[in-house]
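Asker: A structural model of the following input is requested.
(2 chains)
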Amino acid sequence: MLASKQKKDVFGLKFTGEDIKQATWDARINLTTDEEDSLARQIENIFKQAEFLKESRLANVQGTYYPYMQRGTLREDITVPSLPREKVMFNAPDADDIFFHVPKIVE
Amino acid sequence: MQTSKLTAQELAAAINKQNIHLEDLAAAVSCRCCAAAEKYNAFIDFDPAIIDREIIRIAGMLQNGEEASLAGVPYALADNICTAVIKTTCASRMLSSYQFPFEAATAQRLKENGALLTGKTNMDEFAMSASGENSCFGAVKNPRNGKHTAGSGAAAAVAYGAVTFALEQDRCGELRQSASYCGALGLKPTYGRISRSGLVEFAPSLEQIGIIAMKTADLAATLAIISGPDPLDPTSCSVDVPAYPELLHGKAKHIKVAVPDCWSETAYLEEVIKNIFTAKLQEMREDIFQVEIVSLPFFRYAPVTAAIISAVEAFSSLSNYDGVRFGFREAGKHLQEMYRQTRTEGFSSSLKQLLTFGAMVSSGKFYHDYFLKAQKMRTLIKQELEECLGEYDLIVLPTTPFRAPALKNGFKECLLPDPAASYTAAANLAGLPALTFPVFMQDAAGGINTAGLHFMTKPWDEAILLQAALSLEKINPVTFSEPQL
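Answerer: Residues are numbered from 1 along each chain as shown, chains lettered A, B, ... in the order given. Next up is the predicted model:
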C-alpha cells in the first residue's frame, strides 16, 4: 500500500498518497486501497516514461491545444425554440415538472 | 442474394431498383445482428424492432422518390454516438438509461441518405480504451477467436458481416486498434472532417468519429456522406469534401511511403507482428509503393503525451456526471456526498483511476510539469509528422504492437500509457487522417494471425489513404470472420 506520507521520487518530482487523495477529492471519487495502489503503480510508470518532458528545447515551444485553429465560428444570431421542458427533465434521476431535486447542501 | 457481400453502393442500387426487397433485407440483417449480439456481445440491447421501424422509414423515403444513396445499407453506431431513437449508455452504469434528445450529426446525415440503423455497439466505458473488457455490459469477443478481445463491438459486428459499416470514436487509436484486432479496415479522418456534434465528449481535442468497414469502397461511400462542416460543431472545418467513391476509379499512382526507424523499438512488440510487418513492407515495395526508412525522434513520445492530455481532458469532460440532471444517482446525506457516491458507484474502477490521474495532473505542480509540457511536445510531434509528410505521401507502421489480447476477466488496471496506442496516438495528437488495413498471415502451426498496417497522411488527404487501401486490397483480400451465407 502507498502510505500517504511515503514519497515516490520519480524523475525528480515527488508524488505521495496525499496527492492521490487530493485528486480523488477533486474528481469527487472514492478509490479502494487496491485501486489507489494500482493507480500509484501506473502513475509511477507514466512519470518515468515522461522523462522526455524535461527537455530544455520545450522551453520556447508553444503548446498545441487543438490540431487546427478555426476561424469565423460565429453563426447568425437567430432565435430558436428551447428544448421542451419534458425532454429536459426526462433523464433526471429525481425531478418534478419544473425542478431537479437534490439533497440539502449542508449536512 | 448475399447482401453482406455487396458494397454499400451496390446494395443501395439494388434496393432503389427494388431488386432486393426491404423485408428480405430486414430479415437477413436482423439474423446477422442477433447472432453477433449473442455470440460476441457486439451490441448493447439488440432489438430487431429497431430494424423493422427503420425499414418502414426507408420504404417511405423510396415511395416519396427521395434520394437515398445509402438506401438500406445496414450500419451500427458505437454507444457514445447519440440517436433520438435508441438510448445512449456509453457502456457505463452512469448512463445506463440515458435517452439523448437529438440525433448526432453523423446519424442524421446517414438517416437522410436512407442508411439502415441496426443498433448501438458495445465498447469500453466512454470509449476510454480498446480493451473490449471495460464495459458494464460485459466483454466483446473477437469473431475470429472468441477467447480474445474484439476491442469494440463495432469492429466485431463489421468483421462478422452483421453490418456494412460502423461508426466509432477514435481518441488515441481505439477504432483502428479494434479494426486491426478483428481484421477489418478502420479510418480515422482528419480532425474536423466529420462533425462531432452528438458524440459524447471524452477528450475533445483528440477524438474524431471514424468508420470501420470490410471494403475500401464502403469507407469511401460513407466518408462522402458524413463529412463536411456543421454549425453545431465549431471544430468541424469548411474544407471541400471530394467525391471519394469516384476517386477510387482512377489509375493507381506511385505512392512514396516513410517508415519511422523507431518502429521496432516499441515496448511489447510481438515477434509475429514484426515478421508480418516486414513481410508486408516487402510486398508493398513490389507493388506501387516506394518505401524508405526515416528518422522521427519525437514519434516515440506520442503515447505518453496523448495519455496525459487525454486524462486531463477526460477529467474535465466527465465532471458534469454528478447525478443531478441526468444519468445514474446514488443517494447521499448532502449534495457533496451525493456527487461523490454517484461518481464512485456510476463509473468503473479503471475509469475512476483515469479520472483521478487527470485530476492530479490538472492541479498544482503537476499541471506545469506534465500537462503544459505535454501540449508543447504535441507541437513538436505535429511539426515532425507534417515535415515528413511534406516529402512522403504516407507514413506506415504496424497498427498495434501485438495481436488481439486474450480476455482476462480479472481486475482491470488503468494502463498509463496504453501500450496498444504506441503507433496510433500520434495521428490524434496531430489531427492527421489515418487508416488501418487488415493483413492475415499463416503461422507454422497453420493458425491465421491477424494484424494491421497503419497509414497516416497529410490533413484532408483521406483520398490517398483510400487509394493505398484499394491497392492493398487487390493483393490482400479482406475476408469476413465467417463465410457469409
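
Asker: element containing whatever residue of the stretch 1-150 of chain B ends up closest to chain A?
Answerer: Closest residue of the stretch 1-150 of chain B to chain A, Cβ to the nearest Cβ: residue B:101 (4.7 Å). In short, each C-beta sits where N, CA and C put it, glycine included. Under the criterion DSSP states H and E, no helix or strand holds residue B:101.

Asker: Likewise for residue B:120?
Answerer: strand B:116-121.

Asker: Contacts only, for the residue of the stretch 1-150 of chain B closest to chain A.
Answerer: A:83, A:87-88, A:90, B:84 (Cβ atoms under 8 Å, 6 or more residues apart in numbering or on different chains).

Asker: partner strands of the strand holding residue B:120, parallel or antiparallel?
Answerer: With DSSP bridges as the test, strand B:116-121 is paired with strand B:43-44 (antiparallel), strand B:74-78 (parallel).

Asker: now the shortest one, how far from the chain's geometric center?
Answerer: Right, the one you point to is strand B:43-44. 16 Å (Cα atoms, centre = their mean, to the nearest Å).

Asker: Show residues contacting it.
Answerer: Applying Cβ under 8 Å, 6+ apart, the set of residues contacting strand B:43-44 from outside is B:33, B:36-37, B:76, B:79, B:89, B:91, B:118-122, B:137, B:153, B:157.

Asker: And the furthest pair within the contacts of residue B:101?
Answerer: Farthest-apart pair in those is A:88 and B:84; separation 14.2 Å (Cβ to Cβ).

Asker: got a list of what the residue of chain B found nearest chain A touches?
Answerer: The nearest approach of chain B to chain A comes at residue B:431, 2.5 Å away (Cβ to the nearest Cβ). By Cβ under 8 Å, 6+ apart, the residues touching residue B:431 are A:66-68, B:190-192, B:208, B:382, B:459.

Asker: With pLDDT added, can I get those residues in TSV?
Answerer: Listed next are these as TSV, based on pLDDT from 0 to 100:
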residue	pLDDT
A:66	90
A:67	89
A:68	81
B:190	97
B:191	97
B:192	95
B:208	97
B:382	98
B:459	97
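
Asker: Give the closest residue to the spatially most central residue of chain A in space, chain neighbours not counted.
Answerer: Centrality entry for chain A: nearest residue to the mean C-alpha point is residue A:27, 6.2 Å, by Cα atoms, centre = their mean. Once flanking residues are discounted, residue A:27 sits nearest to residue B:359: 4.1 Å by Cβ to Cβ, 6 or more residues apart in numbering or on different chains.

Asker: which element is the one you found on?
Answerer: helix B:349-361.

Asker: The residue nearest to the centre of chain A against residue B:343, yeah?
Answerer: Yes: proximity of residue A:27 to residue B:343 meets the contact threshold set by Cβ atoms under 8 Å, at 7.3 Å.

Asker: Mind listing the shared neighbours of those two?
Answerer: residue B:352.

Asker: any chance you could map the helices in chain A?
Answerer: Taking DSSP state H as the test, the helices found in chain A are A:17-26, A:33-49, A:85-90.

Asker: er, the stretch 51-200 of chain B I mean
Answerer: B:105-112, B:153-160, B:174-182 (DSSP state H, counting those that start in this stretch).

Asker: So is the first one next to chain A?
Answerer: No: applying Cβ under 8 Å from any Cβ of the partner chain, one finds that helix B:105-112 is not in contact with chain A, the shortest distance being 14.4 Å.

Asker: Pull out the buried positions in stretch B:371-390.
Answerer: The neighbour-count check on stretch B:371-390 (16 or more other Cβ atoms under 10 Å in any protein chain shown) flags B:371, B:373-382, B:384-385, B:388-389 as buried.

Asker: of the residues you listed, list those near chain A.
Answerer: Okay, of those touching chain A (Cβ under 8 Å from any Cβ), that's B:373-380, B:382.

Asker: can you tell me which residues contact the nearest residue to residue A:57 once chain neighbours are set aside?
Answerer: In space, residue A:57 comes closest to residue B:380 once its chain neighbours are excluded; the distance is 7.8 Å by Cβ to Cβ, 6+ apart. Contacts for residue B:380 (Cβ under 8 Å, 6+ apart) come out as A:57-58, A:61, B:298.

Asker: Which among the residues you listed count as buried?
Answerer: A:58, A:61, B:298.

Asker: Out of the helices and strands in the chain, which is least certain?
Answerer: This is for chain A. Across the helices and strands of chain A, the lowest-confidence element by mean pLDDT, DSSP states H and E is strand A:7-10, at a mean of 52.

Asker: was after chain B, sorry
Answerer: helix B:364-366 (a mean of 86).

Asker: Dump the following helix or strand past that one to PDB, keeping only the CA atoms.
Answerer: From helix B:364-366 onward toward the C-terminus, using DSSP H and E, the following helix or strand is helix B:373-391. Extracted in PDB, the C-alpha atoms of helix B:373-391 (Å, rounded to 0.1, in the frame of the first residue of the first chain):
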ATOM      1  CA  LYS B 373       4.800  20.300 -21.300                       C
ATOM      2  CA  ALA B 374       2.800  17.600 -22.900                       C
ATOM      3  CA  GLN B 375       1.000  20.200 -25.000                       C
ATOM      4  CA  LYS B 376       4.400  21.600 -26.100                       C
ATOM      5  CA  MET B 377       5.600  18.100 -27.000                       C
ATOM      6  CA  ARG B 378       2.400  17.800 -29.000                       C
ATOM      7  CA  THR B 379       3.500  20.700 -31.100                       C
ATOM      8  CA  LEU B 380       6.900  19.100 -31.900                       C
ATOM      9  CA  ILE B 381       5.300  15.800 -32.800                       C
ATOM     10  CA  LYS B 382       2.800  17.500 -35.100                       C
ATOM     11  CA  GLN B 383       5.600  19.600 -36.800                       C
ATOM     12  CA  GLU B 384       7.700  16.500 -37.200                       C
ATOM     13  CA  LEU B 385       4.900  14.500 -38.800                       C
ATOM     14  CA  GLU B 386       3.900  17.400 -41.100                       C
ATOM     15  CA  GLU B 387       7.500  17.900 -42.300                       C
ATOM     16  CA  CYS B 388       7.800  14.200 -43.000                       C
ATOM     17  CA  LEU B 389       4.500  14.200 -44.900                       C
ATOM     18  CA  GLY B 390       5.800  17.200 -46.900                       C
ATOM     19  CA  GLU B 391       8.200  14.800 -48.500                       C
END
